[in-house]
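for reference, the sequence and a predicted model appear below.
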Amino acid sequence: MLWSLLKILVFVAIIGLLAMGAMFLMDTSGGVQVTVAGMEYTLSPLQSAMALGVLVFGAWLFFKLLGLLIATLKFLNGDETALSRYFDRSREQRGYQALSDGLMALASGEGRTAMTKATKAEKLLNKPELTNLLVAQAAEMTGDTKKAADTYKKLVTNNATRFVGVRGIMKQKLAEGDDETARKLAEKALLIKPRHQETQDVLLNLQTKAQDWAGARSTLTAKLKAGYLPRDVFKRRDAVLALSEARDILKEDATVAQQEHAIEANRLSPDLVPAAAMAARAYIAKGKARAAAKILKKAWDVQPHPDLAHAFAEIAPEETPRDRIKRFATLTRTHPENMETRLILAELNIVAEDFPEARRALGDIVEKQGDARAYTLMAAIERGEGAADSVVQGWLAKALNAPRGPQWVCDNCHDIQPEWAPVCQNCHSFDTLSWQTPQTPEIASATGVHMLPLIVGALEDNSAPAEPEQGDEPAEAEVIEVEAESVPEDAQKP
């Protein structure tokens, strides 16, 4: 509004100055005397200014006619293109101006204007390598996907614009959800420009979604060579991809190559928990228990994790509970105050029926960091020490509605995953799962809240439990059944 008002004021001021200049010239005495062929002409100041303007216009017109005359003479002399070049020069200028206006309209988000200017530039310039891209992008902005696709296909036929055409069709296929075709087009685009960062990222994302782990590792190496990826990040993500190639090593038909991929993944990133657990199982399958224990201990030193404890237990599945506690000392002596270490020690002592030691291992976790697993272990300890059923059921009731503690959470969308995977199941981002406590508090379900009275019951009614009648199962069986249902998957003993 202010800018429009300012332009109006400037225009009025210019008109006023011109009027004042004309009045000044009319009031000024004297003039200009011109003598032509003995005739003397006297011009007033205003007439002199007007004559000067006419003279300038005449000079411009003279030079234009002179250029046309020269072009005509050259044409008559045998230069057939001289005349056409004269007229084409103006045509080319108008074409480039239309192209410039179309680019500005495209940047401003004016799709229809950009399309009009692009069509005009296409007619005037006859340079498809310049105008086709503007036409395609303007068509996309106006929603004419068919015209955009046809124009991108024209770009593909030209060596100079082939990459732009392939990339444009690839983006259209991505928008349509045709990931398979988009992946093939991304591979072709990368062959044309191997160092194009955006195409590398798109191809890597599509390959991980399609579980083409070998292809993804090749693309990741290309990103490293192009300098777009730090070496430490490359090693971590390459380990994730190698681990993904070995996801089925626990199956009976697992190949030696899959076991080697798991070991390689651990070598590339020793602190990657799934890689350490899988590599350890690969060594266990080969009968190399010492190598498996070494891998798990190294990963445990970085981050204690229940998956590492489960894999460590598989090294000697037939050992007694007491022997297992002694063997686990190589793990538990590291990070003794860590919550996972204390929970593992409590589980091991519960299995060994050393309930006082299990209570000491838990310490103040229940009061400070109580979660479903800790409450369930407390229920098992109370049950082992002979506490009343109401006490055991009270701990189980807490476990039913307590948070589950650390889980695999996507750093990108914060979705909670049931198990680790190289690609998030929700947002499909690559290598974004980390072991952490969810930021959003878990809300107890309405079903769980309504079940609390059924689990806890009236304490006064449980103070003197009745003798079971013949044919009825003991109350202990009911408690064990409730406990088994309430134990989360993470809390199962190693």
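In hand now; what should we look at? Numbers count the residues shown, from 1 in each chain.

next, name the residue at the spatial heart of this structure.
Residue closest to the average C-alpha location in the chain (CA atoms, centre = their mean): Ser429, at 5.4 Å.

my guess is that residue meets Asn412, correct?
Yes. In this structure, Ser429 is within contact of Asn412 by CB atoms under 8 Å, at 4.4 Å. (Each C-beta comes from the backbone N, C-alpha and C, glycine too.)

so which elements touch the longest helix seen in the chain?
Longest helix in the chain, counting residues (DSSP state H): helix 45-76. Here helix 45-76 touches helix 2-27, strand 32-36, helix 81-107, going by 3 or more CB pairs under 8 Å, 6 or more residues apart in numbering; DSSP states H and E.

with distance to Gln172 and mean pLDDT added, can I get the ones you listed in TSV?
Compiled in TSV, the helices and strands packed on helix 45-76 are given as follows (distance: least, CB to CB, whole Å; pLDDT from 0 to 100):
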stretch	distance to Gln172	mean pLDDT
helix 2-27	40	80
strand 32-36	70	70
helix 81-107	17	74
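
which stretch among these comes nearest Val273?
With CB to CB as the measure, helix 81-107 is the member of the helices and strands packed on helix 45-76 nearest Val273 (47.6 Å).

and the next element down the chain from the closest one?
Next helix or strand after helix 81-107 toward the C-terminus (DSSP states H and E): helix 111-125.

re earlier: so the longest helix of the chain versus strand 32-36, what angle?
Here the directions of helix 45-76 and strand 32-36 differ by 40 degrees (axes from the mean of the first three to the mean of the last three CA atoms, to 10 degrees).

chain center to helix 45-76: distance?
64 Å (CA atoms, centre = their mean, to the nearest Å).

quick one: average pLDDT of that helix?
Helix 45-76 carries an average pLDDT of 79.

what's the angle from it to helix 2-27?
Using the same axes, to 10 degrees: helix 45-76 against helix 2-27 is 110 degrees.

Pro270 against Val302, yeah?
Yes. Between Pro270 and Val302 there is a contact under CB under 8 Å: 7.3 Å.

could you say what helices and strands the helix or strand hosting Glu382 packs with?
Using DSSP H and E, Glu382 sits in helix 372-384. Taking 3+ CB pairs under 8 Å, 6+ apart as contact, the helices and strands that helix 372-384 lies on are helix 339-351, helix 355-362, helix 365-369, helix 389-401, helix 475-486.

out of those helices, flag the one nearest Thr113.
The closest of the helices and strands packed on helix 372-384 to Thr113 is helix 389-401. By CB to CB, the value is 60.3 Å.

tell me the mean pLDDT for the helix or strand following that closest one?
Moving toward the C-terminus from helix 389-401, the next helix or strand (DSSP H and E) is strand 407-410. When pLDDT is averaged over strand 407-410, the result is 90.

each with direction, which strands does strand 407-410 pair with?
When pairing is defined by DSSP bridges, strand 407-410 lines up against strand 416-417 (antiparallel), strand 433-436 (antiparallel).

relative to His196, how far out is the residue nearest to the centre of the chain?
Distance, Ser429 to His196, using CB to CB, to the nearest Å: 21 Å.

got it, and Phe328?
For Phe328 relative to His196 (CB to CB), the value is 51 Å.

then Gly102?
Relative to His196, and taking CB to CB, Gly102 is found at 25 Å.

near the nearest residue to Ala399 once chain neighbours are set aside, how many other residues are there?
Leaving out its chain neighbours, the residue that sits closest to Ala399 by CB to CB, 6 or more residues apart in numbering is Tyr375, at 3.7 Å. Other residues near Tyr375 number 22, with proximity taken as other CB atoms under 10 Å.

pLDDT on the host helix or strand of Ile295, on average?
Secondary structure assignment for Ile295, by DSSP H and E: helix 289-302. Averaging pLDDT along helix 289-302 gives 90.

keeping just the C-alphas, turn that helix into PDB.
Provided in PDB are the C-alpha atoms of helix 289-302 (Å, rounded to 0.1, in the frame of the first residue of the first chain):
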ATOM      1  CA  ALA A 289      32.300 -69.900  22.600                       C
ATOM      2  CA  ARG A 290      35.300 -67.900  23.700                       C
ATOM      3  CA  ALA A 291      35.000 -65.600  20.600                       C
ATOM      4  CA  ALA A 292      31.300 -65.200  21.300                       C
ATOM      5  CA  ALA A 293      31.900 -64.200  24.900                       C
ATOM      6  CA  LYS A 294      34.600 -61.700  23.900                       C
ATOM      7  CA  ILE A 295      32.300 -60.000  21.500                       C
ATOM      8  CA  LEU A 296      29.400 -59.800  24.000                       C
ATOM      9  CA  LYS A 297      31.700 -58.400  26.800                       C
ATOM     10  CA  LYS A 298      33.000 -55.700  24.500                       C
ATOM     11  CA  ALA A 299      29.500 -54.600  23.500                       C
ATOM     12  CA  TRP A 300      28.300 -54.800  27.200                       C
ATOM     13  CA  ASP A 301      31.200 -52.500  28.200                       C
ATOM     14  CA  VAL A 302      29.700 -49.900  25.800                       C
END
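
now it: buried residues?
Neighbour-count burial for helix 289-302 flags Ala291, Ala292, Ala293, Ile295, Leu296, Lys297, Ala299, Trp300 (criterion: 16 or more other CB atoms under 10 Å).

isn't the first one right next to Tyr283, touching?
Translated: Ala291. Yes. Ala291 lies in contact with Tyr283 (CB under 8 Å); the separation is 4.5 Å.

shaky segments in this structure?
Within the chain, the stretches with pLDDT under 70 are 1, 25-32, 37, 71, 74-89, 247-256, 258-259, 440-494.

Val56: neighbour count?
Neighbours of Val56 (other CB under 10 Å): 10.

please read the previous query as pertaining to Leu52.
With other CB under 10 Å as criterion, Leu52 counts 12.

does Asp101 touch Ala118 like I think?
No. Asp101 is beyond contact range of Ala118, at 9.5 Å (criterion: CB under 8 Å).

so those two - more neighbours on which side?
The residue with more neighbours, out of Asp101 and Ala118, is Ala118; 28 against 17, by other CB under 10 Å.

circling back: which one's more surrounded, Gly102 and His196?
A count of neighbours by other CB under 10 Å puts Gly102 above the other of Gly102 and His196, at 26 against 19.

thought Leu125 was touching the more buried one, still the case?
No. With contact defined as CB under 8 Å, Gly102 does not count as touching Leu125 (11.1 Å).

distance-wise, check the nearest residue to Val351 once chain neighbours are set aside relative to Trp300.
Spatially, and ignoring its direct neighbours in sequence, Val351 is nearest to Pro321 (4.7 Å; CB to CB, 6+ apart). Separation of Pro321 from Trp300 (CB to CB): 20 Å.

which one is Gln211 nearest to, not counting chain neighbours?
According to CB to CB, 6+ apart, the nearest residue to Gln211 is Ser244 (7.2 Å).
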